[in-house]
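> have a look at this prediction, sequence included:
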Amino acid sequence: MIYLDTSAAAKALIEEDGSDAVRQAFADGVPFVSSRLLAVELHAVADRRSVSAEAAQELLDRVALVSLADDTLTRAVDMHSGLRTLDALHLATAIEIGDALSSILTFDVEFAAAATRLGIPASSRVPA
């Protein structure tokens, strides 16, 4: 299972470098998981970029969303990742998923570096 960061998910909705590869991963049925924060962030992206809420929700329906627990919030603080708040919560969620996760798909260089430091492979390369 691949953890889907908002920087990658947004590429499925808006045209940017990497959009075609992310869209193809969804078309290929790559199993994605993310924090429920993804729903908030993706709908915000859709609002800002004039993408329909239906398109955002259709994408979210194809991602397994994990709820944030108190332990996730504590882990986000305790890991001292240096990331912005929501990224720290995403990374804490990915850590909690553990061995079921093979990697993180992100286009955020800081997020990828923090994940790698904590032992989770992360890159902007869409899995084959």
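Great, that's in hand.

> I'd like the distance between Glu15 and Arg49.
Plainly put, Glu15 is 10 Å away from Arg49 if you go by C-beta to C-beta, to the nearest Å. (Each C-beta comes from the backbone N, C-alpha and C, glycine too.)

> between the two, tell me which one has more neighbours.
A count of neighbours by other C-beta atoms under 10 Å puts Arg49 above the other of Glu15 and Arg49, at 12 against 9.

> for Val63, give the beta-bridge partners.
Beta bridges link Val63 to Phe32 when assigned by DSSP bridges.

> go ahead and confirm it touches Ser35.
No: judged on C-beta atoms under 8 Å, Val63 makes no contact with Ser35 at a distance of 9.9 Å.

> wait, what's in contact with Leu60?
38-39, 42 (C-beta atoms under 8 Å, 6 or more residues apart in numbering).

> any shared contact partners between Val63 and Ser35?
Contacts common to Val63 and Ser35, judged by C-beta under 8 Å, 6+ apart, are absent.

> which one of these two has more residues nearby?
Ser35 (27 against 21).

> show me what contacts the nearest residue to that one once chain neighbours are set aside?
Counting by C-beta to C-beta, 6 or more residues apart in numbering, the nearest residue to Ser35 once its immediate chain neighbours are dropped is Thr93, at 4.1 Å. Applying C-beta under 8 Å, 6+ apart, one finds that Thr93 lies in contact with 3, 34-35, 37, 66, 68, 72.

> then Arg125?
Contacts for Arg125 (C-beta under 8 Å, 6+ apart) come out as Leu105.

> could you look up the SS state of it?
What DSSP: H, G, I helix; E, B strand; the rest coil gives for Arg125 is coil.

> pretty sure Val33 is touching Arg62, no?
No: here Val33 does not reach Arg62: they are 10.9 Å apart, not a contact under C-beta under 8 Å.
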